[in-house]
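Student: quick one, fold the following:
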Amino acid sequence: MKNNYKKISRHGSINIPVAMRRKIGIQGGDPMEVSLVNGVVTVKPYTPRCMFCETTENVKQLLGKGICVECANTVHQIMKGSGE
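Tutor: This is a model prediction of the structure:
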């Protein structure tokens, strides 16, 4: 896909071309992760991580935090008193 050149608005916003959004499967309102490393700004779809093991697989939101099914099961066992 070719490079596109966009101007940043006075409010700091930038539009991602529709062809790029479609290619990576993002839609308006989707959460995005913005990072700055060595002067390079990167924008990518936000993928929630488990707050315990940091995996991105099977992660659900619980009280604003990410937790994977495996860690949720571990917490459940500990809370029942049969875990470590």
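Student: every contact and neighbour count from this point should use C-alpha atoms.
Tutor: Noted.
Student: what about residue 21, neighbour count?
Tutor: 13 (other CA atoms under 10 Å).
Student: does it really touch residue 27, like I thought?
Tutor: Yes. The pair residue 21 / residue 27 is scored as a contact, 6.7 Å apart, by CA atoms under 8 Å.
Student: got the contact list for the residue nearest in space to the middle of the chain?
Tutor: Most central in the chain under CA atoms, centre = their mean is residue 46, positioned 1.9 Å from the mean C-alpha point. Taking CA atoms under 8 Å, 6 or more residues apart in numbering, we find residue 46 in contact with 31-33.
Student: out of those, flag the one nearest to residue 17.
Tutor: Taking CA to CA as the measure, residue 17 sits nearest to residue 32 out of these, at 14.8 Å.
Student: measure the closest one to residue 15 for me?
Tutor: Using CA to CA, to the nearest Å, residue 32 is found at 13 Å from residue 15.
Student: appreciated, that's everything.
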